[in-house]
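Engineer: Below are the sequence and a predicted model for it; my questions follow.
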Amino acid sequence: MVKMILQRLIQIIPTLLVVVTITFVLTRLIPGNPAAAVLGPQASVEEIERMEEEMGLNDSLGKQYVDYLKNIVKGDFGKSYSYNIPVMDLITERIPNTLLISLTSLVLAILISIPLGIVSAIKQYSAFDYIAMVLALVGVSMPIFWLGLMLVLVFSVNLGWLPSLGMGSMNNGLWDVVSHMILPVACLATIPTATFTRITRSSMLEVVNNDFIKSLRARGLKERVIIYKHALKNALPPVITVIGLQLAAAFTGAILTETIFSWPGMGTLITGAIENRDYMLVQGAVLITAMAFVFVNLAVDLLYMVINPKVNYESKGGGA
Amino acid sequence: MADVVLEVKDLKTYLFLASGVVKAVDGVSFGIERGKTLGIVGESGSGKSMTASSIMRLLPKKIGKVVEGEINFNGKDVLTFNSKELLEFRGKDVVLISQDPMTSLDPVFKVGAQMVEMIRAHQDISVEEAKALSIESLKKVGIPNPESRMNSYPYELSGGMCQRVIIAMAITAQPKLVIADEPTTALDVTVQAQVLNLLKEMQQNLDTSIMLITHNLGIVWEMCDDVMVMYAGKTVEYTSAKELYSEALHPYTWGLLESIPKLSHESKSELTTIPGTPPDLRLTGEACNFHNRCPYAIPICSEKVPELLEIKEGHFVACHRQTKESTLARGEEFGDV
Ligand SMILES: Nc1ncnc2c1ncn2[C@@H]1O[C@H](COP(=O)(O)OP(=O)(O)OP(=O)(O)O)[C@@H](O)[C@H]1O
Ligand code: SF4
Ligand SMILES: [Mg+2]
């Protein structure tokens, strides 16, 4: 197990190198001059040239790339041109906001979907199952952008119940933040809830038809124990895999959702950085995000091993 | 009066499928006394497992139903048990040992945890006590290093080991009845005998009754006091193992006797089976279910269901050609098939 974790950690290095390289190249491909973008339309040619020099834009691309890599290894992600403060400071300020809505929505999705999936499975073909499955189908096929706009239209514009922009402030009390969270979280949670419900249901249905379930009943165990302890643990591995995939997808979703609701997280940070040609910020933000993915995936794999002992065994046997 | 643990009377269990009603068990009666073993034999699909599932009240949900009959366990009617009584009945009074030991255990929980869980579902004792009981029981069934085996997952054990674990679990329950549904079919020949011996040992120690389902008449001679031969959901012959060994009376039983594998020859080609296939259980009606495969069939066989009659004392047969007045000897003649 420890060996496996170490192996995985070593494998992460080339992955991150590829990410760094690709974002480096892609940001340079964005049309427009970052120096001009920083200084604004009134800037003179001399001012722009001086700025370019200062930003290191006149060095060869190779030198810029190598310098950037060197700095990253030292933990220095550079300085944001547009905010004029270190990239890391911006990221550490924004990450908690993104985590707040993406994790809340994911936790909410898990809390709703797993019981829903289980009940649908044990009441297969009932009215409950039928309604849950129709809703889930609608949920997975919902375009997130459209859904966000509809939520704003209904709950903010028409009903006026909830704010639609920003994240509020704790200074105005907890409810201010929570009320700002509701719509983005609902928007972000929809697809995961639908996906997890479907996978939980199908996985449970498969497990419940296994012979060992009949054996558990024959032991005189309570139905509740059989379903929520034994069947569920057997049914979890595919659910966890999908949750892991959704964790990654939650970020893509967050970029869109944050844009719709002007939520001050990593999503709006990155879109803003791209608009301002803020190379350092784009690179730093994407790299940090990629690192988060990789570690989440590793965590999911570890969890998978704990839940399904056979995976552990096979990797032991396989050696690789 | 002998102490009857299980008494099944005229049990009819049907499966209601979209394609029709399968009469999986169609009027079966038998009893098992305390400390005795009843063997149930018959070809695949004859309703043996459905009989067991009816007793355990574990029929396939929605489609399986006991439509008639009684199942009395220690004088109580199992069919009227509510869910609480069922939980006490299963895993405490009666234990099921099924064919494939690998699928009898939950694959993602350790052996010890499953044993402790079952014990604590029925006995009010601490985890530590339940562990001690489990280890002791694993020792009894000859599992080496029981303490460390408690921490094994089922897939880390061989089929024979798994079946031992299941028997160890059964022992901790001290059940009055063990229903063993082909407990050795999935095991190596060498392990089969050991598992059967463990069952016997358990029976002697706990005075348990056993209902032993098997394809193998050899096992019946070894293990059973009484035998019921089933065919297409019905009892065709029911008597003591001794009597059946010396004088089987039903043409179907004769067919089974001929199909006992002759182990001494070691060649699989020695195994003969009864020609033809069992009838479609959705279509059985006014006839002997065996008539289209029976070399002794006469016209009445395809017109009337033969009743199960006591031909000799304690020897019941359902065949038109076996009555008190006129009996048929095995191989006496061969009908015009
Ligand atoms: N879940 C099910 N759905 C539909 N039909 C079933 C089901 N289980 C059993 N049957 C049918 O019920 C009949 C009796 O089956 P049963 O399992 O009792 O036979 P068996 O004597 O135990 O056979 P085997 O020796 O193969 O275990 C068979 O015709 C079988 O096809
Ligand atoms: S009743 Fe007829 S068909 Fe059936 S077993 Fe007897 S002789 Fe054969
Ligand atoms: Mg069977």
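Structural biologist: On my side now, so go ahead. Ligands and ions are numbered 1, 2, ... in the order given.
Engineer: which residues in chain A form helices?
Structural biologist: Applying DSSP state H to chain A gives helices spanning A:2-29, A:34-39, A:45-54, A:61-73, A:87-122, A:127-140, A:144-151, A:174-208, A:211-218, A:223-225, A:232-261, A:266-275, A:279-307, A:309-318.
Engineer: Pipe these into TSV and attach mean pLDDT per row.
Structural biologist: Shown next, in TSV, are the helices of chain A (pLDDT from 0 to 100):
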stretch	mean pLDDT
helix A:2-29	84
helix A:34-39	75
helix A:45-54	81
helix A:61-73	86
helix A:87-122	91
helix A:127-140	90
helix A:144-151	85
helix A:174-208	91
helix A:211-218	94
helix A:223-225	94
helix A:232-261	84
helix A:266-275	87
helix A:279-307	81
helix A:309-318	49
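Engineer: Looking at the ones you listed, spot the one closest to ligand 1.
Structural biologist: Ranking the helices of chain A by proximity to ligand 1 (C-beta to the nearest ligand atom) places helix A:211-218 first, at 10.6 Å. In this view, the C-beta of every residue, glycine as well, is placed from N, C-alpha and C.
Engineer: ok so, going back, is it possible to export the helices of chain A to TSV including distance to ligand 1 and mean neighbour count?
Structural biologist: Shown next, in TSV, are the helices of chain A (distance: least, C-beta to the nearest ligand atom, whole Å; neighbours: other C-beta atoms under 10 Å in any protein chain shown):
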stretch	distance to ligand 1	mean neighbour count
helix A:2-29	41	13
helix A:34-39	69	19
helix A:45-54	77	13
helix A:61-73	61	13
helix A:87-122	18	20
helix A:127-140	21	15
helix A:144-151	43	17
helix A:174-208	14	21
helix A:211-218	11	21
helix A:223-225	19	11
helix A:232-261	20	20
helix A:266-275	52	21
helix A:279-307	29	19
helix A:309-318	27	13
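Engineer: a markdown table please, covering those helices and showing distance to ligand 2.
Structural biologist: Shown next, in a markdown table, are the helices of chain A (distance: least, C-beta to the nearest ligand atom, whole Å):
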| stretch | distance to ligand 2 |
| --- | --- |
| helix A:2-29 | 64 |
| helix A:34-39 | 95 |
| helix A:45-54 | 102 |
| helix A:61-73 | 86 |
| helix A:87-122 | 44 |
| helix A:127-140 | 47 |
| helix A:144-151 | 69 |
| helix A:174-208 | 41 |
| helix A:211-218 | 34 |
| helix A:223-225 | 43 |
| helix A:232-261 | 46 |
| helix A:266-275 | 79 |
| helix A:279-307 | 55 |
| helix A:309-318 | 49 |
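Engineer: Which among those is found nearest to residue B:54?
Structural biologist: Nearest to residue B:54 among these is helix A:211-218 (12.9 Å), distances taken as C-beta to C-beta.
Engineer: and that closest one, what does it pack onto?
Structural biologist: strand B:94-97 (3 or more C-beta pairs under 8 Å, 6 or more residues apart in numbering or on different chains; DSSP states H and E).
Engineer: Is the strand it packs on positioned near chain A?
Structural biologist: Yes: legend: contact between strand B:94-97 and chain A by C-beta under 8 Å from any C-beta of the partner chain is shown at B:95, B:96.
Engineer: May I have that strand exported as CSV, CA atoms only?
Structural biologist: Backbone C-alpha positions of strand B:94-97 (Å, rounded to 0.1, in the frame of the first residue of the first chain) are rendered in CSV as follows:
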residue,chain,number,x,y,z
VAL,B,94,-32.5,-23.4,10.9
VAL,B,95,-29.2,-22.9,9.0
LEU,B,96,-28.8,-23.1,5.3
ILE,B,97,-25.7,-24.5,3.7
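Engineer: What score does the spatially closest residue to residue B:41 that is not a sequence neighbour have for pLDDT?
Structural biologist: In space, and not counting its chain neighbours, residue B:41 is closest to residue B:229: 5.4 Å by C-beta to C-beta, 6 or more residues apart in numbering or on different chains. On the pLDDT scale, residue B:229 is placed at 97.
Engineer: Given whichever helix or strand residue B:237 is part of, what are its sheet partners and their directions?
Structural biologist: Taking DSSP states H and E as the criterion, the element that holds residue B:237 is strand B:234-240. With DSSP bridges as the test, strand B:234-240 is paired with strand B:226-231 (antiparallel), strand B:315-317 (antiparallel).
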